[in-house]
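fold the following.
(one chain, ligands or ions: 1)
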Amino acid sequence: MKTQESGMDRLVITGGKALQGTISIGGSKNACLPIIAAALLCPETLLLKNIPRLSDVSSMVQLLLHLGCSVKTDKKNIYLQTDTLATEDAPYDLVRKMRASVVVLGPLLGRFGKARISLPGGCAIGARPIDLHLKGLKLLGAEITLEQGYVSAVVPNGRLIGADIDLDFPSVGATQNLMMAAVLAEGVTRIRQSAREPEIAQLADCLNAMGADVRGAGEAIIEIHGKSRLHGAEYSIEADRIQGGSYAMMVAATGGQAFLRGMKLEYLGQAQGVLASAGVEMQQEDGGISVQASAINPIDIVTAPYPGFPTDLQAQLMALLCLAEGRSSITEKIFENRFMHVPELQRMGADIQLMGDTAIINTTPVTDRPRLTGAEVMATDLRASFSLIMLGLVAEGTTTVQRLYHLDRGYENLTEKLCTLGADVVRKSHDAS
Ligand code: UD1
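This is a model prediction of the structure:
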């Protein structure tokens, strides 16, 4: 009998195989979460294609169902329709599972003029406040109060009014929330210092397909000409650049070669050059990219908003750089506590020292370093967990990664993909010994 997969499952990895083969990179998690929330903006059906099967996507769909949206799924398609609102209340139980839930705030205020959302609370990788979201919504005319762990917002005269908003920092979530609030506002909104991630451009494309007028997405200033209503549309989610970058580094770490179907190099921004200098050879081909390892080289990088090197690839790059001969450094500038993978990587023999927001990798000469050996390690957050698997695939012996629910949030069919690439991995259920 097939055992039910559970988030508490573990992955048992036997290191030493060079990964080879072809896998598909699924639709982008970070693009589809706000785009699903965009279904709150019109009464007709929004058909979204290439939706990945991930627990974060299920959490967003649960939240929309709760708000009164009707949802039908058919393979990788999802049909969303929001006739009327069942409630404007997004309770703690639904929001705590996933911080990105906060992006329902903008569309709820834009179309229905009211919203009450539990504050997402702390997150393992940092405080992650939502002050920039709220500041922008206030400038658009929302009245906001914070009480008992909830954000309550109303639009006094029913319709938001376009405004000039300077974000101070290009927050991805704040940019998305404000774009979705502004598409139904009266007049013109300009979002300065907006985030420029490809997921922002995808949201704009979807909103424009729904009849919105969003200009300049992907640039530092986004201009939105508000409309009185939006309509239904069809939109297909692009491949996940973070997943693509993660697998490219994994393949290179094992000294293998692979084809990542659906992935486009252009999505990677400066990460493309960073990975190339570290020894990940990638080539754009028809329908995807080919990846091949060369010698892994030490590098120094700092994470930054797009087009800079993404924080979401930082942990995976660290695992890769553990295999380089010389000293590397990684400075994390986006989240203040995003080095939780370091103690776990160290347990496998990785030579990493932490100095504030910088990790120094390979401080000792290669001849004095301990060998990388398998160990029992704990997945701590989504991307960090992938770095543990990467090192497990090259370490001597067996590595067990506990708590796979972190990976289920963002890596679709992870075990199957690893097996397709020839990795020696087994997912074991929580109760199986
Ligand atoms: C999104 C991504 C996440 C990625 C991150 C940075 C989704 C679903 N998640 O998260 O995978 O790691 O971008 O690329 O797309 N901040 C504030 N005030 C705010 C908002 C943010 O101070 O109001 C700070 C955060 O604490 C953090 C930084 O800005 O230090 C970046 O956050 P942000 O860009 O908003 O990330 P998310 O949208 O949460």
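
show me where the stretch 201-350 of the chain has its helices.
Remark: helices assigned in the stretch 201-350 of the chain by DSSP state H, counting those that start in this stretch are 241-253, 271-278, 314-321, 341-347.

can you add mean pLDDT, mean neighbour count and distance to the ligand and give these back as CSV?
C-beta here means a position set from N, CA and C on the backbone, and glycine is covered the same way. Formatted as CSV, the helices of the stretch 201-350 of the chain follow (pLDDT from 0 to 100; neighbours: other C-beta atoms under 10 Å; distance: least, C-beta to the nearest ligand atom, whole Å):
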stretch, mean pLDDT, mean neighbour count, distance to the ligand
helix 241-253, 97, 27, 7
helix 271-278, 96, 19, 12
helix 314-321, 97, 27, 9
helix 341-347, 95, 21, 14
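
near the ligand, which residues of the protein are found?
30, 33, 99-100, 126-133, 169, 171-174, 195, 199, 310-312, 334-335 (C-beta under 6 Å from any ligand atom).

which ones among those map onto strands?
Among these, no member falls in strands (criterion: DSSP state E).

from the residues you listed, list the buried ones, please.
Among these, those classed as buried by 16 or more other C-beta atoms under 10 Å are 30, 33, 99-100, 128, 130, 132-133, 171-174, 195, 199, 310-312, 334-335.

quick one: buried residues of stretch 387-404?
Judged by neighbour count (16+ other C-beta under 10 Å), stretch 387-404 contains these buried residues: 387-395, 399-404.

which strand or helix spans the closest residue to Tyr79 other than its chain neighbours?
Distance criterion C-beta to C-beta, 6 or more residues apart in numbering; nearest residue to Tyr79, sequence neighbours excluded, is Lys72 at 4.3 Å. Here Lys72 is covered by strand 70-74, with elements defined by DSSP states H and E.

export that strand as PDB, just CAs?
Only the C-alpha atoms of strand 70-74 are listed here, as PDB (Å, rounded to 0.1, in the frame of the first residue of the first chain):
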ATOM      1  CA  SER A  70     -15.200  29.600  -6.000                       C
ATOM      2  CA  VAL A  71     -12.300  27.400  -7.100                       C
ATOM      3  CA  LYS A  72     -12.100  24.600  -9.700                       C
ATOM      4  CA  THR A  73      -8.900  22.800 -10.500                       C
ATOM      5  CA  ASP A  74      -8.100  20.700 -13.600                       C
END
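
which residues sit against that strand?
With contact meaning C-beta atoms under 8 Å, 6 or more residues apart in numbering, strand 70-74 is reached by Ile51, Val61, Leu64, Leu65, Ile78, Tyr79, Leu80, Gln81, Thr82, Asp83.

please tell me how far the fourth one sits from the ligand.
With distances taken as C-beta to the nearest ligand atom, to the nearest Å, Leu65 is found 19 Å from the ligand.

would you double-check that that residue falls in a strand?
No: secondary structure of Leu65 (DSSP: H, G, I helix; E, B strand; the rest coil): helix, not part of a strand.
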